[in-house]
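K.L.:
predicted structure and sequence below. I'll ask about it afterward.
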Amino acid sequence: MSNYQMYLNGKWEDGEGSCPVINPATEETIAEIPVATDTQITEAFQVARRAQRSWARMTGVERGNVLRRWADLLEENRDHITRVISQEVGKPITEARGEFDFGNSWFRYYAEFDRRIDGEILTPDKPNEQLWIVPSPVGVVTGIIPWNFPFAVAVRKIAPALITGNALVLKPHEDTPLSALEIARLAEAAGVPPGVFQVLCGPGETVGEAMVKDPTARLITFTGSVPTGKRISRNAAENVALVSLEMGGKAPFIVMEDCDVDAAVDTAVFSRFLNCGQICIANERTYLHQSIAEEFTEKFLAGVQQLNLGDPLREDTRIGPKVSREELEKVEACVEGARQAGAEVLAGGSRRTGGQFDRGFWYEPTVISSVRQDMDIMQKEIFGPVVPLMEFNTFDEVLGLANDSSYGLAAYLFTNDMNRIMRTIRDLECGEFYINRGPGESIHGFHGGLKESGLGGDDGTHGLEHYLHRKCVYLKFDG
Ligand code: NAD
């Protein structure tokens, strides 16, 4: 077992008491992490404010070089960090490597903006004047992140915040704090000045809440669930702080009769069961045109049978455990609720037990049919290895079903009909479309949800904008 400390003002500190970090595959305590005190939280923000001013005065190239060095150092520690990711989330090691490579690439991508954070020179209305729009960092940023991608989502916040001259105080999820602390371990060697990047640990309801309420923070960038995002939004409003919220999803996966059914099956399996279903853009509800529903279901069930549950550190494991007992119980309740509402379980439908599975938070890959649109399983985020299948008759009908949701993050469509593709992009209320392909954002795309899935968004140039204010200058000179 390891003891971790928090990273404050360039130093490692204990807090008050500690929280255990549990390996969800074995239920062993793999680490103890400190809980930040109110005094430490206040100090972290004051330190961040002072450090941010000097950091912002450095050139973009100097800041970019720090990000590049950080990426190099992380790369040198890839084997160790991917094991940490795998052990704290219960994620298969092959997926942990994917998360690491994807996450680390944000450092290099945003480092490229070292000479590209541009202002504008506008045409003035008056003689002998200059009119400029000047980019300026927002100041101190609070980052609050979830447990499902503890490394990648941390870098997704750190890299854009720092390249734009901000300081970031980050709080990882209390169940999976180690990846962020591993990133912090290399901050000093990368050249990050003390206070520019800090990591505070502890429960969201206390430490997270106090961080959001600290008046020094001018932007709260959050990834997590809808109820927490709403609460953060209300708390941030008290300080008139900006918010960027990346929240849950209920992605529809639409399979039309004219598509390549085999490709749709493979993608539907992958996009539901990756990371044990714990992905915001996962296939949460599969809609099948009635003419291919039987063929699809048969092939889908065969695909699900092949998914190999097991020790996340084994190279051939496809599915690990759920991240925590609480999350396991949520999935169990969701399947039980569907059963009671009249749904039929075609595969799985219970915990996996026996042998190594008697310890840990294991749930069988589960396929459900005979569902109705008004059931909770079609309306609430499952966030686990469970997928409901539902038939439809017409394209108009399925567009209506897909839009019948409080979420609006991602959507999948399998068809070869260009008209249907164009109508989906125009009419479906969501932020991210995967058409005839599986999930996975590009670092230079834009990841942001509509409706209750979010406000703002991450990645690319549009994600970078949240970290900047635009000042406007009217300058008169003696003509
Ligand atoms: P969560 O909302 O429970 O926790 C997220 C973070 O918020 C944690 O660090 C937690 O400690 C903190 N927190 C909790 N209460 C808080 C409060 N009152 N004030 C401040 N911080 C608080 O979410 P989770 O269970 O960690 O993550 C799963 C959810 O995240 C799912 O809904 C998933 O869809 C969503 N998610 C979204 C994206 C996206 O990009 N849209 C990506 C990953 C996960």
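P.N.:
Yep, it's here. Numbering: from 1, shown residues only.
K.L.:
close to the ligand: what parts of the stretch 101-250 of the chain are there?
P.N.:
144-148, 171, 173-174, 204-205, 208-209, 212, 223-225, 228, 231-232, 246-249 (Cβ under 6 Å from any ligand atom). Using the backbone N, CA and C atoms, a C-beta is placed for each residue, glycine as well.
K.L.:
break the protein into its domains for me.
P.N.:
When the chain is parsed with automatic domain parsing, its domains come out as 2-247+453-475, 251-442.
K.L.:
need the ones you listed in JSON lines (columns: mean neighbour count).
P.N.:
Putting the domains of the chain into JSON lines (neighbours: other Cβ atoms under 10 Å) gives the following:
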{"stretch": "domain 2-247+453-475", "mean neighbour count": "20"}
{"stretch": "domain 251-442", "mean neighbour count": "19"}
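K.L.:
tabulate those domains (TSV), appending mean pLDDT.
P.N.:
Formatted as TSV, the entries for the domains of the chain read as follows, by pLDDT from 0 to 100:
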stretch	mean pLDDT
domain 2-247+453-475	98
domain 251-442	98
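K.L.:
about what we covered before: what about the residues of the stretch 101-250 of the chain next to the ligand, which are in strands?
P.N.:
Among those, the subset assigned to strands under DSSP state E consists of 144, 171, 223, 246.
K.L.:
skipping adjacent residues, who's closest to the last one in space?
P.N.:
With Cβ to Cβ, 6 or more residues apart in numbering as the measure, T223 is the residue that lies nearest to E246, at 4.1 Å, once sequence neighbours are left out.
K.L.:
could you single out the nearest of the ones in strands among the residues of the stretch 101-250 of the chain next to the ligand to E432?
P.N.:
Comparing those against E432 with Cβ to Cβ picks out E246 as the nearest, at 11.1 Å.
K.L.:
any idea what the closest one is bridged to?
P.N.:
Residues found in beta-bridge contact with E246 (criterion: DSSP bridges) are T223, G454.
K.L.:
dump the residue contacts of it.
P.N.:
The contact partners of E246, by Cβ atoms under 8 Å, 6 or more residues apart in numbering, come to 222-224, 280, 447-449, 453-454, 456-458.
K.L.:
next: R115.
P.N.:
Contacts here follow Cβ under 8 Å, 6+ apart; on that basis R115 touches 60-61.
K.L.:
what's the helix or strand for the closest residue to A410 other than its chain neighbours?
P.N.:
Closest residue to A410 apart from its sequence neighbours, by Cβ to Cβ, 6+ apart: I281 at 3.8 Å. Counting by DSSP states H and E, there is no helix or strand that carries I281.
K.L.:
for Y412, same thing?
P.N.:
Element membership of Y412, judged by DSSP H and E, is strand 410-414.
K.L.:
distance of the closest residue to S271 other than its chain neighbours relative to F270?
P.N.:
Closest residue to S271 in three dimensions, ignoring its sequence neighbours and counting by Cβ to Cβ, 6+ apart: N283, at 4.2 Å. Relative to F270, N283 is positioned 9 Å away (criterion: Cβ to Cβ, to the nearest Å).
K.L.:
which ones are touching T366?
P.N.:
The neighbours of T366, taking Cβ under 8 Å, 6+ apart as the test, are 335, 345, 347-349, 385-387.
K.L.:
let me redo that: S105
P.N.:
Contacts were defined as Cβ under 8 Å, 6+ apart; by that measure S105 touches 71, 443.
K.L.:
how far away is it from S442?
P.N.:
Using Cβ to Cβ, one obtains 10 Å as the distance from S105 to S442.
K.L.:
can you check V226 too?
P.N.:
With distances defined as Cβ to Cβ, the gap from V226 to S442 amounts to 25 Å.
K.L.:
okay, and which of the contacts of T366 map to strands?
P.N.:
Those of those lying in strands (DSSP E): 345, 347, 386-387.
K.L.:
using TSV, please lay out those residues together with distance to the ligand.
P.N.:
Formatted as TSV, the entries for those read as follows, by distance: Cβ to the nearest ligand atom, whole Å:
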residue	distance to the ligand
V345	24
A347	24
V386	14
V387	15
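K.L.:
make TSV out of those and add distance to K157.
P.N.:
Converted to TSV, those look like this (distance: Cβ to Cβ, whole Å):
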residue	distance to K157
V345	39
A347	37
V386	29
V387	30
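K.L.:
and the helices in the stretch 251-400 of the chain?
P.N.:
If you assign secondary structure with DSSP state H, counting those that start in this stretch, the helices in the stretch 251-400 of the chain sit at 261-273, 293-305, 325-340, 376-379, 395-403.
K.L.:
just the CA trace of the third one, in PDB.
P.N.:
Spelled out, it's helix 325-340. Provided in PDB are the C-alpha atoms of helix 325-340 (Å, rounded to 0.1, in the frame of the first residue of the first chain):
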ATOM      1  CA  ARG A 325     -19.500  -1.000  -4.700                       C
ATOM      2  CA  GLU A 326     -21.800   2.000  -4.900                       C
ATOM      3  CA  GLU A 327     -21.600   2.100  -8.700                       C
ATOM      4  CA  LEU A 328     -22.200  -1.700  -8.800                       C
ATOM      5  CA  GLU A 329     -25.300  -1.300  -6.700                       C
ATOM      6  CA  LYS A 330     -26.600   1.400  -9.000                       C
ATOM      7  CA  VAL A 331     -26.300  -0.800 -12.100                       C
ATOM      8  CA  GLU A 332     -27.900  -3.700 -10.200                       C
ATOM      9  CA  ALA A 333     -30.800  -1.500  -9.200                       C
ATOM     10  CA  CYS A 334     -31.200  -0.200 -12.800                       C
ATOM     11  CA  VAL A 335     -31.500  -3.800 -14.200                       C
ATOM     12  CA  GLU A 336     -33.800  -4.800 -11.400                       C
ATOM     13  CA  GLY A 337     -36.000  -1.800 -12.100                       C
ATOM     14  CA  ALA A 338     -36.200  -2.700 -15.800                       C
ATOM     15  CA  ARG A 339     -37.100  -6.300 -15.000                       C
ATOM     16  CA  GLN A 340     -39.900  -5.200 -12.700                       C
END
